[in-house]
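>>> Curious how this folds, go ahead:
(2 chains)
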Amino acid sequence: MAVVSQEAQVRRAATMQLSFNRIVLWVVGLGVAVLVVWRIAGTAAQGLYGPDVWLMQTLNGLVQGSMYALVALGYTMVYGILLMINFAHGEIFMIGAMSGYFVLNGFHQSGFLATNPVPALLITFLVGMGVPPIVGVLLERIAYRPLRRAPRLVPLICAIGASFFLQQAVRLLFGIRTKVYPTVAVLSGAWTVSVGEREVRIQHMSVLIIVITIILMVALYLLVRKTKIGKAMRAVAEDKEAAALMGIDVDRVIMVTFAIGAILAGAAGVMWGLWYKQVIHTVGFIPGIKAFTSAVLGGIGNIPGAMMGGLFLGLVEAIAPTALDISTQLKDVISFGLLVIVLIFRPSGILGEVLTGKKA
Amino acid sequence: MNLFAIVRVGIRSGLIVGIVAVFIVLIGMVQTFAKRYLTGDLTLSMVILLAFGLAAGALAARQVTKSSPHLGHKVLAAGISGLITGVMLAALLFVISQVSLRDVLVNATPEMVTALSLGLPLSSAALTLVGMTVATAVIAVLYGLAPPRLRRALLEGLMAVILVGLFWEAIIGLDVSRLVMKFLGVKAGKVLPLPGAIGLLVVVGLATYLLRARPHLNTTPTRPKSSSAWRYISLVLIAGALAALPFAVGLFWSQTLTTIGLFTLMGLGLNIVVGMAGLLDLGYVAFYAIGAYALALFSSPASSLGLGLPFWVALPIALIFAAISGILLGIPVLRLRGDYLAIVTLGFGEIIRVLALSDVLKPYIGGPQGIMETPPPYFFGIQLSDPRYLYYLILAACLVVVFISLRLNDSRIGRAWIAVREDEDVAQAMGINLVAAKLMAFAIGASFAGVGGAIFAARQGAIFPMDFTLFVSINVLCLIIIGGMGSIPGVITGAFFLIGLPEVLREVDEYRILAYGAGLVIMMLVRPEGLLPSARRRLELHETEAEEGVAYGTR
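This next block holds a predicted model:
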């Protein structure tokens, strides 16, 4: 009897702890929600911005969100399979941006970009998407594979180390100077659309970025759903041992997963360079965390979730500073705040985490 | 093992070492260290070049040893390996001397050519490089054949020469060595003289050979059971030495010692959060910043509060602020899994930095201009602004924190943290209050960092948001991991090496973060328990490795 009552006590203590915690959290959450609604209502009441501003911001948000989404896919796929945050994924993105820069700048200096812009851009994308998977696969082989059975913190710390190593290696090899992407004449134009009395410029570049993102996402979807390697990836994510017993080469599947994630991140890197023009060795850090946030928003391990999460985060970042009428300096604070809020109230993300019971 | 396999091993290891060597050359290490003389005319960059050959030989020999004990096989594999590495280096030298790659690879400069060619003309330099790597690769094999005792003696002798050679300028610059030299009437040059180096090698080598009858590489010395008494005695001895230190080493090194002390404070705090409770906090710099800002706000007459409180009143306030912010961070992240926690705390650290820089808080904490005129602490009327005096304040803080850490380690809450780290569910089922345990860890860890930050603010006399970047967090994380998570001596040693070394070798600063990153990766791969692990940690990690029966690929 004594045993039973003790157990009951433990359980009661546990529930009390949790419920107290929950109450505090919900009060805080409610406070945040009220504050946000109040600020938005305030901005709307003032009517400072017309529909053109909102359209512009939405477009910017979609472009930004596309890049986040592509990087987030790498986080989410690796997490789905290895249950590990590939902390160095942001640097993989940066390496994509850097390789793209060297190719495009080379073409720019040789005049090839001016005469043949389309092949030049194509080759830039190919190289920008070709170098990161090499780094990604090497990273997996050297730093992560030996640690698959280690306690959870060990691979995470290793990934943090790898992230700084890659960042600094790029700095020391290619210099600390900010690299400026050359302007591509074909892409610098814009369509103008009139909204009410005002006009909105839709840049060709933004459309290109969104289109490429959609193509890559569809390709990824088909790969994961329709091909043999995609099936193997899903099987390994579900249960590694069972997959191995079914004759799937788990190491190879993990390698392919890293490569695909790196290809997508590389594409995002080149787009980042084309869109923001400037790249530097630290360019991967903040987008990396943002992309991770997107992956968490969509439910980590969930591929469509990462796509949605990325677009959502991009939109929030573009619209929230205007809607809440606060300084754009605090853009990062908003997205980190969003990450914390989602992790607290819905850790499985908006679309739900794809994890089997034993993994969670 | 047939000849073909041996050649393949040689080529493979030669390529691996060659790629690493080319990378190290291209990041500019060889030319940076070309001016750093170890002894006589031997520069550090020559040592690096020699090390490539040794690595190539050792790697090849180790792989051959697994399948073949034959000496000829090893020498062959090592020779091929060294040849490939040498050829890669020579090819690199040839390419960078003929083609300008500076637009892409910033370090491919004429200085790199000079450093690589050792001042020789191009063709003979290439031959020398190849010959040198092959020779050193074969030497590496021969070294592997020597009896372990001799090997150990040689290794420790060489280590002593390298250490003394590197720190020669620092050593002769100490106040105490100046006194000794004055007394002996000798003058020391800027470089360790060659006879001195040879003498050192012989003395240290002989001493090792004679004293260490049985080598025990990587095994722990078996101490008597009454180790706690021994520990306290050695602690007292160390404390005595520490007390005399600032006046023995002079002003500049005292400043370095205070920096080491501040990082020790933070390291011990993070050690509680990460090492004991297993909560990976990457935003630890936030608490350091909060401590510093709190002290500056309350003690500086130029701050927005303008109170101008004395240091000793502001210090506890800073501590309380840091502890409260630790709890405030702790509450929302209580339920998070380990890796999510890392990212959220990283975000938290960034939020604090962005807020400190932003215009929103500028009227209160000064934005990018920071807070000026934080007064130095006074101790019975003595102004502690001289680093030699400030050192004692930091030393005292470190000793208090070490004492608290030691007591916590063996306490009920310390055991609760370790239980939480190992398995939260089981810990909770054992009756541990998870909320209290985690919040306690955050609060104590944060308050240590807060004290560090407060002393930092008082030392600097002014604080800026740029003092509190993510690299501080990574620095602290790195020193506790390399020293040994959960181990107090490990943290202190880690602080000495990771903070002290770059202060002494200024050229290293360029490669500091790269080395930290590589250090984290290598430590996790080779020795995740750290260099000076706590006994418990070592057992845990090796127990996991021993579980070969665990299903494939799972944690």
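>>> Just the strands from chain A, written as ranges.
For chain A, the strands defined by DSSP state E occupy A:179-180, A:190-195, A:198-203, A:278-279.
>>> For chain B, which of those strands is the nearest?
strand A:179-180 (10.4 Å; Cβ to the nearest Cβ). C-beta here means a position set from N, CA and C on the backbone, and glycine is covered the same way.
>>> Show me where the stretch 101-250 of chain A has its helices.
Listed in chain order, the helices of the stretch 101-250 of chain A (DSSP state H, counting those that start in this stretch) span A:112-115, A:117-139, A:153-174, A:204-226, A:228-238, A:240-245, A:250-276.
>>> what's the closest of these to chain B?
Using Cβ to the nearest Cβ, these put helix A:153-174 closest to chain B, at 2.6 Å.
>>> In that closest one, which residues are buried?
Using 16 or more other Cβ atoms under 10 Å in any protein chain shown as the test for burial, helix A:153-174 gives A:153-174.
>>> follow-up on the earlier one: in a markdown table, list the helices of the stretch 101-250 of chain A along with mean pLDDT and distance to chain B.
Listed next are these as a markdown table, based on pLDDT from 0 to 100; distance: least, Cβ to the nearest Cβ, whole Å:
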| stretch | mean pLDDT | distance to chain B |
| --- | --- | --- |
| helix A:112-115 | 88 | 16 |
| helix A:117-139 | 95 | 9 |
| helix A:153-174 | 92 | 3 |
| helix A:204-226 | 93 | 20 |
| helix A:228-238 | 92 | 9 |
| helix A:240-245 | 91 | 4 |
| helix A:250-276 | 95 | 6 |
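>>> What ranges does chain B have for its strands?
Under DSSP E, chain B gives strands at B:37-39, B:42-43, B:378-379, B:382-383.
>>> Direction included, what does the second one pair up with?
The one in question is strand B:42-43. Using DSSP bridges, strand B:42-43 pairs in its sheet with strand B:37-39 (antiparallel).
>>> The partner strand: how far from the chain's middle?
Offset of strand B:37-39 from its chain centre (Cα atoms, centre = their mean, to the nearest Å): 23 Å.
>>> Which residues outside it are in contact with it?
B:43-44, B:47, B:161-162, B:165-166, B:190-194, B:196-197 (Cβ atoms under 8 Å, 6 or more residues apart in numbering or on different chains).
>>> ok, of those, which one's closest to residue A:284?
residue B:44 (31.6 Å; Cβ to Cβ).
>>> now check stretch B:105-116, is it near chain A?
Yes: Stretch B:105-116 is in contact with chain A by Cβ under 8 Å from any Cβ of the partner chain, via B:105, B:106, B:107.
>>> What is the burial count for the residue nearest to residue B:510 when sequence neighbours are not counted?
Spatially, and ignoring its direct neighbours in sequence, residue B:510 is nearest to residue B:32 (6.6 Å; Cβ to Cβ, 6 or more residues apart in numbering or on different chains). Using other Cβ atoms under 10 Å in any protein chain shown, residue B:32 is surrounded by 20 other residues.
>>> same check, this time on residue B:393
20.
>>> excluding its backbone neighbours, what's nearest it?
In space, residue B:393 is closest to residue B:384, 5.6 Å off (Cβ to Cβ, 6+ apart).
>>> Surely the one you found touches residue B:394?
No: applying Cβ atoms under 8 Å as the test, residue B:384 and residue B:394 come out as separate, 9.7 Å apart.
>>> okay, these two: which has more neighbours?
residue B:394 (24 against 20).
>>> which ones are touching the more buried one?
Here residue B:394 is in contact with B:257, B:258, B:261, B:262, B:265, B:455 (Cβ under 8 Å, 6+ apart).
>>> Quick one, which of those residues are buried?
Applying 16+ other Cβ under 10 Å to these flags B:257, B:258, B:261, B:262, B:265, B:455 as buried.
>>> residues in contact with stretch B:59-74?
Contacts with stretch B:59-74, where a contact means Cβ under 8 Å, 6+ apart, come from B:1, B:5-6, B:9-10, B:12-14, B:16-17, B:77-78, B:80-82, B:137, B:140-141, B:144-145.
>>> go with 7 Å
B:1, B:6, B:9-10, B:13, B:16-17, B:77-78, B:81, B:140-141, B:144 (Cβ atoms under 7 Å, 6 or more residues apart in numbering or on different chains).
>>> so who does residue 25 touch?
In the absence of a named chain, chain A is used. A:344, B:332.
>>> that's the wrong chain, I meant chain B
B:89, B:92, B:112, B:116.
>>> Which of these sits closest to residue A:119?
residue B:92 (31.4 Å).
>>> Could I get the contacting residues of residue B:112?
In this structure, residue B:112 makes contact with B:25, B:28, B:30, B:31, B:96, judged by Cβ under 7 Å, 6+ apart.
>>> Let's see that with 6 Å instead.
Applying Cβ atoms under 6 Å, 6 or more residues apart in numbering or on different chains to residue B:112 gives the contacts residue B:31.
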